[in-house]
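Undergrad: coords below, sequence missing:
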Ligand code: FRU
């Protein structure tokens, strides 16, 4: 799989679609896979929802899109390719049998002619005067952008203007995405009185938060939804109106290795988005993930001295959840060594560098890092999920880094905590084994 597509709550169930090649564990031949859940935690695979129609505008792939409910009818708006066009399909209440609209494509070419380098991944919402849609694009020589359209019926679309482009900078911000030439998978939604735009570019899914008025979006703040391996993020409101985030966590192993494994790419855990008082994004694992916890181990008050890692005993395997809280005291860096070999020959580090103000992960392959400022008395709270090769790390409710790790030894399961450049205190560490979530799991690891 790659991108999550069209996550939606309907008829008491959560539906998730995703970019999927049914006949090989590598990117090609895009279909929409489909899974369903009652709680966003336990999922059941359903038959493929959308396949390319031979001779149709999506013959070369059913690319990314979104879902809405149109007069009670589940409807998806997605991308057909070569050339990139906007397509519509609708279904029965279970979202099993899909019918493509006979008038497809509903948009056959991007506005702006040759200046537009890409035109894909529609995101649709409803306002009082009709349907609105943004489509990801790149404006040659300028920046990525999201083009805004309006429709009375999801079929006839009129182009308005760019909703936002990478040229519009939040005031006094360093700028994360301005230079990129294409925004993929734009996702636009209200968030506690503001609006948020997440885009996917340069292998990351950064966000803007700002004001939406007069069909323009003016970003006020900017940041990363994830510093690491998370792409093509999509959000949805859940049954109670909370804003839930999903992303594709791609492979870090070589293509030969994932083809041999028979699968490639995973969905992130569901993440809860909120607006923080400083207008930045709050991001945390969905609290209901706690229902998967097995028996808890807890250790408290461990003094950390440089050069002396503290092993945490009794690690319950490679599918675990950890919550660790550190007082930094005068340390320069604190963190955990995870999936460590007994002889120390391999390990994965998740830590915080106070001098650089950076949350990071370090594997034998790569370092992922991003900015996190802690208040003077603030403790570092790392909330970590390890699931086979997947690691998702949340820090202090406002930063996140995902990464893949591929330890080579079966007994590389050790956990230790450390401090560098001074002493620190581990106030507490809690560890739980995590139960599996799928009732019809295809393969493990
Ligand atoms: C993002 C993306 C989208 C496209 C889809 C194709 O990962 O490239 O822009 O619609 O994947 O699979």
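TA: Everything's here; your move. Because the structure is a prediction, the values reported are computed rather than measured.

Undergrad: ok, now which ones touch the residue of the stretch 251-400 of the chain at minimum distance from the ligand?
TA: Closest residue of the stretch 251-400 of the chain to the ligand, CB to the nearest ligand atom: residue 265 (9.8 Å). In this view, the C-beta of every residue, glycine as well, is placed from N, C-alpha and C. When contacts are counted by CB atoms under 8 Å, 6 or more residues apart in numbering, residue 265 touches 1, 2, 248, 249, 250, 251.

Undergrad: Give me the spatial nearest neighbour of the second one, chain neighbours excluded.
TA: Leaving aside its sequence neighbours, residue 2 sits nearest to residue 19 (CB to CB, 6 or more residues apart in numbering; 4.2 Å).

Undergrad: Pairing partners for the helix or strand hosting that neighbour, with directions?
TA: For residue 19, the host element (DSSP states H and E) is strand 13-20. Here strand 13-20 has these sheet partners by DSSP bridges: strand 4-10 (antiparallel), strand 31-37 (antiparallel).

Undergrad: Tell me who's in contact with residue 75.
TA: Residue 75 makes contact with 67, 68, 69, 88, 89, 90, 91, 154, according to CB under 8 Å, 6+ apart.

Undergrad: Could you export the contacts of residue 265 as CSV, including secondary structure and neighbour count?
TA: Shown next, in CSV, are the contacts of residue 265 (DSSP: H, G, I helix; E, B strand; the rest coil; neighbours: other CB atoms under 10 Å):
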residue, secondary structure, neighbour count
1, coil, 21
2, coil, 20
248, strand, 24
249, strand, 25
250, coil, 19
251, coil, 21
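
Undergrad: Give me the mean pLDDT for the helix or strand where residue 301 lies.
TA: Assigned by DSSP H and E, residue 301 belongs to strand 297-304. Across strand 297-304, the average pLDDT comes to 98.

Undergrad: can you check stretch 411-425 too?
TA: Average pLDDT, stretch 411-425: 97.

Undergrad: Next: stretch 183-192.
TA: 98.

Undergrad: Now do that stretch: everything it contacts.
TA: For stretch 183-192, using CB under 8 Å, 6+ apart, the contacting residues are 3, 64, 118, 120-121, 123, 125, 134-138, 144-146, 163, 166, 177, 195-201, 205, 209, 212, 217, 232-235, 237, 243, 273-275.

Undergrad: need the contact list for residue 291.
TA: Counting by CB under 8 Å, 6+ apart, residue 291 has contacts 39, 41.

Undergrad: what comes up buried for the top strand by length along the chain?
TA: Assignment by DSSP state E gives strand 116-127 as the longest strand of the chain. Using 16 or more other CB atoms under 10 Å as the test for burial, strand 116-127 gives 116, 117, 118, 119, 120, 121, 122, 123, 124.

Undergrad: Tell me which stretches of the stretch 51-200 of the chain form strands.
TA: Remark: strands assigned in the stretch 51-200 of the chain by DSSP state E, counting those that start in this stretch are 62-70, 73-80, 85-91, 98-100, 116-127, 130-139, 143-151, 158-165, 184-191, 194-200.

Undergrad: how about JSON lines for those, with distance to residue 376 added?
TA: Shown next, in JSON lines, are the strands of the stretch 51-200 of the chain (distance: least, CB to CB, whole Å):
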{"stretch": "strand 62-70", "distance to residue 376": "43"}
{"stretch": "strand 73-80", "distance to residue 376": "48"}
{"stretch": "strand 85-91", "distance to residue 376": "50"}
{"stretch": "strand 98-100", "distance to residue 376": "55"}
{"stretch": "strand 116-127", "distance to residue 376": "40"}
{"stretch": "strand 130-139", "distance to residue 376": "41"}
{"stretch": "strand 143-151", "distance to residue 376": "37"}
{"stretch": "strand 158-165", "distance to residue 376": "35"}
{"stretch": "strand 184-191", "distance to residue 376": "28"}
{"stretch": "strand 194-200", "distance to residue 376": "28"}
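
Undergrad: which stretch among those comes nearest residue 392?
TA: Using CB to CB as the measure, strand 194-200 is the one of the strands of the stretch 51-200 of the chain that comes nearest residue 392, at 16.9 Å.

Undergrad: who does the closest one pair up with?
TA: Strand 194-200 has these strand partners (DSSP bridges): strand 184-191 (antiparallel), strand 206-213 (antiparallel).

Undergrad: Would you point to the one among those that's packed deepest?
TA: strand 184-191 (a mean of 21; mean count of other CB atoms under 10 Å).

Undergrad: and the angle for that strand with strand 116-127?
TA: Going by axes from the mean of the first three to the mean of the last three CA atoms, to 10 degrees, strand 184-191 is angled at 30 degrees with respect to strand 116-127.

Undergrad: hang on, the earlier thing: of the contacts of stretch 183-192, which ones also sit close to the ligand?
TA: When contact is defined as CB under 6 Å from any ligand atom, the contacts of stretch 183-192 meet the ligand at 3, 64, 120, 121, 232.

Undergrad: which of those lies closest to the ligand?
TA: residue 64 (3.4 Å).

Undergrad: one step back: any of the contacts of stretch 183-192 buried? List them.
TA: Counted by 16+ other CB under 10 Å, the contacts of stretch 183-192 give 3, 64, 118, 120-121, 123, 134-138, 144-146, 163, 166, 177, 195-201, 205, 209, 212, 217, 232-235, 243, 273, 275 as buried.
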